[in-house]
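J.: Sequence and predicted model, in that order:
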Amino acid sequence: MNDRKTLNKIINLFIPFKRKICITMVLLSLASLVNLFLPLTTRKIIDEGFIQNNMRTVIFFSLISFGLIVVGKSMEIMCEEIRTNIYIKIKLSLNEHAFHHLSRLKIKYFKEANTTVLLSNIKLDVDNITKVVDSNFFFLLTQILSLLGGLVGLLIIDWRLTILVICFTPAKYISAKYFSKKRENLIEKFIQSSSDYASWFGDTIGGINEIRLFGLIKNKKEEFTNKQLSMIGTEKRMEMLNVYSLAVESILLQLLLVGLYILGASMVFNYTLTVGSIFAFIMYSSYVTSPIASILNIRYFMSNVLPSARRYFNFLDLEVEDSTSKLVPKALTQMMKGNIEYSNVNFSYSEEMVLKNINFVIHAKEKVAIVGHNGSGKSTLIELLLRFHTPSSGTIKMDGVDIEQYDIDEYRQQISVVSQHVYLFDTTIENNIKLYSEPEYNEMQKVLIDAQLTEFALGESEDNDVGCNGLKMSGGQRQKIALARALIHEKELFIFDEATSNLDTESEIYINHLLNNRLKDKTVILVTHQMEVLKHVDRVIVIRDGELEYIGEYDQLFTNSSYFRDMVLVR
Ligand SMILES: Nc1ncnc2c1ncn2[C@@H]1O[C@H](COP(=O)(O)OP(=O)(O)OP(=O)(O)O)[C@@H](O)[C@H]1O
């Protein structure tokens, strides 16, 4: 995304607040107008008060100054109130968009970036983009008013001094251009190094057990220090660049003041200017120089914002799951029976085909097992059915309709999945089973019996919390909770993807009981190698190197396919 497009997107963030921004501008213009009179009152206090020993003038104009400041500051406070509200809303909206987008992002992106890097990138980018609602930047437009007012004030006092003040502009322009280029490069570097660090950190913490078991703590500490040094080093260079930039700006301003004092003094000595006018002039020149500096610093300032904004908006452009196809009415989707048909399905993640010309049919209420060696493509076959990926070619039909034609959320609502890598939320067992639904008490008890979870207490208590991703539970217990979750959200199609891998033999055999009873009228697909389960399903599909090797009943397969026999017998 180029800078122009990114800038447009940033400007669009302000569109919902047009009215409020207009009110702020009016208020700030009034405040600037009020401020314009301050130097004039100062001139009066000095020239007509102090110099002419007139106490009444001093008191009168001091009170006027005080009143002007109170009015000006009240307006500024009102503007700040509006600005901070806009800031909060823009920040919330950016975060909401990012989260909403994440919840719809194609599953492949989650395999490329861990959660730490996603969180860190979004936070950094949103923080940087919302700098455009910082007071310095947000009130920039009104600074132009202050600049114009200041120029008028300067010209009223003396045109020669005014030219001297304007001479400040080219010098400031050159320094601003130089520093903003440097800053942009550093920010790009910082964003990259903090993203690398977040990715490394997520990966390292994810593998903390392996790090301890394989004695990798020393190696990881070294990597940590190197990554931190790269990030902190860039931060330090950015800090120093700020210091240099501010120092150059102060030196330029000081130079200007030197010029003003020398020229002003010669005018005072020649009686062409009063002392009060010089004070007023210096006040007016700050009305001019600081807006000039702010305007010329825009590029420097935007060098903070643009790289993050570019990354953030590019992230929002990443491909999401298609939730637009709604050709099949919701009511019809809800009546899904579970007749599945794969026709000439091919699929590849990158170059190599992972699934090749897959053709088979599963009838409603059938119990079908899928077997195959590691990496043969079983999970991919299931993920295609769940629409986590789209076939490279060929179609998958559900009840005679291409699955792409169903509304994706409604479609998935009709399928219960129990997978080997079930994710448990950090809450109670009960909440993990119910997942925001409100089943009847009796139904819940039945499910607990069917999932063999009766030994666990239900209800809201810290003791019942499963921990982060269910890590307070054993592997088998996690799978039982996943089973209970699938059973309570009873659908027509059940998928068990290696769902019994952690269950003991007794619990495993119990799955057969479920297939023959509770799930008797459901379509069930099981990815499993458990012989006890395979023997009891209607048919078995054998996948070999991404191709359909065989489909048939267990006994037939066992007799006719040595490949199948070898595979199940070695387990
Ligand atoms: N996100 C991915 N990107 C690239 N290749 C992938 C991805 N996921 C899986 N693969 C590859 O696709 C092939 C099939 O993987 P899949 O997970 O479907 O196999 P599987 O039969 O379920 O294996 P297992 O029994 O080990 O779980 C493998 O060669 C794997 O390396």
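T.: Yep, it's here.
J.: Name the residues that touch the helix or strand of the chain with the lowest mean pLDDT?
T.: Taking mean pLDDT, DSSP states H and E as the measure, the helices and strands of the chain show their lowest mean at helix 135-138, namely a mean of 72. Helix 135-138 has contacts (CB atoms under 8 Å, 6 or more residues apart in numbering) with 80, 83, 86, 131-132, 294, 298, 301. Any C-beta I mention is one placed from the backbone N, CA and C, and that applies to glycine too.
J.: Need the max-distance pair from the residues you listed.
T.: Based on CB to CB, the longest span within the contacts of helix 135-138 runs between Glu80 and Ile298 and measures 20.9 Å.
J.: helix/strand/coil for Leu327?
T.: For Leu327, the assignment made with DSSP: H, G, I helix; E, B strand; the rest coil gives coil.
J.: got the residues of the chain near the ligand?
T.: Proximity of the chain to the ligand, by CB under 6 Å from any ligand atom, involves residues 108, 111, 349-350, 354, 372, 374-380.
J.: pLDDT of the longest helix along the chain, averaged?
T.: Determined from DSSP state H, the single longest helix within the chain is helix 217-269. The predicted model assigns helix 217-269 a mean pLDDT of 90.
J.: and the next element down the chain from that helix?
T.: Tracing the chain C-terminally past helix 217-269 and defining elements by DSSP states H and E, one meets helix 275-296 next.
J.: where along this protein do the strands fall?
T.: Ranges of strands in the chain, per DSSP state E, are 340-348, 353-362, 367-372, 393-398, 401-402, 415-419, 493-497, 523-527, 539-544, 547-552.
J.: May I see these arranged in a markdown table, with mean neighbour count as well?
T.: Listed next are the strands of the chain as a markdown table, based on neighbours: other CB atoms under 10 Å:
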| stretch | mean neighbour count |
| --- | --- |
| strand 340-348 | 18 |
| strand 353-362 | 18 |
| strand 367-372 | 23 |
| strand 393-398 | 17 |
| strand 401-402 | 16 |
| strand 415-419 | 22 |
| strand 493-497 | 23 |
| strand 523-527 | 24 |
| strand 539-544 | 21 |
| strand 547-552 | 17 |
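J.: and the ones you listed as a markdown table, adding distance to Val71 and mean pLDDT?
T.: Rendered in a markdown table, the data for the strands of the chain read as follows (distance: least, CB to CB, whole Å; pLDDT from 0 to 100):
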| stretch | distance to Val71 | mean pLDDT |
| --- | --- | --- |
| strand 340-348 | 70 | 96 |
| strand 353-362 | 72 | 95 |
| strand 367-372 | 77 | 93 |
| strand 393-398 | 70 | 95 |
| strand 401-402 | 69 | 92 |
| strand 415-419 | 66 | 89 |
| strand 493-497 | 70 | 92 |
| strand 523-527 | 74 | 94 |
| strand 539-544 | 79 | 94 |
| strand 547-552 | 82 | 91 |
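J.: Any regions of the stretch 351-500 of the chain where pLDDT drops low?
T.: Along the stretch 351-500 of the chain, segments meeting pLDDT under 70 span 456-463.
J.: And the helices in it, which stretches?
T.: Ranges of helices in the stretch 351-500 of the chain, per DSSP state H, counting those that start in this stretch, are 378-385, 408-413, 429-434, 441-450, 475-488.
J.: Please name every helix or strand in contact with the fourth one.
T.: Same thing as helix 441-450. With contacts defined as 3 or more CB pairs under 8 Å, 6 or more residues apart in numbering; DSSP states H and E, helix 441-450 has these neighbours: helix 429-434, helix 475-488.
J.: Please state the offset of that helix from the chain centre?
T.: When distances are taken as CA atoms, centre = their mean, to the nearest Å, helix 441-450 is centred 39 Å away from the chain's centroid.
J.: List the residues that contact Ser245.
T.: By CB under 8 Å, 6+ apart, the contact list for Ser245 reads 175, 179, 183, 300.
J.: where does Asn314 land on pLDDT?
T.: Each residue has a pLDDT score; the one for Asn314 is 94.
J.: now do Arg571
T.: 58.
J.: All further residue positions should be reported with the first residue as 623.
T.: With the count now opening at 623, the last piece we talked about shows up as Arg1193.
J.: of all of the stretch 823-972 of the chain, which residue lies closest to the ligand?
T.: Of all residues in the stretch 823-972 of the chain, Tyr971 sits closest to the ligand, with a separation of 3.3 Å (CB to the nearest ligand atom).
J.: Isn't that residue up against Lys730?
T.: Yes. At 7.5 Å, Tyr971 and Lys730 qualify as touching, with contact defined as CB atoms under 8 Å.
J.: Filter the contacts of helix 757-760 down to just the buried residues.
T.: Using 16 or more other CB atoms under 10 Å as the burial test, the contacts of helix 757-760 include 705, 708, 753-754, 916, 923 as buried.
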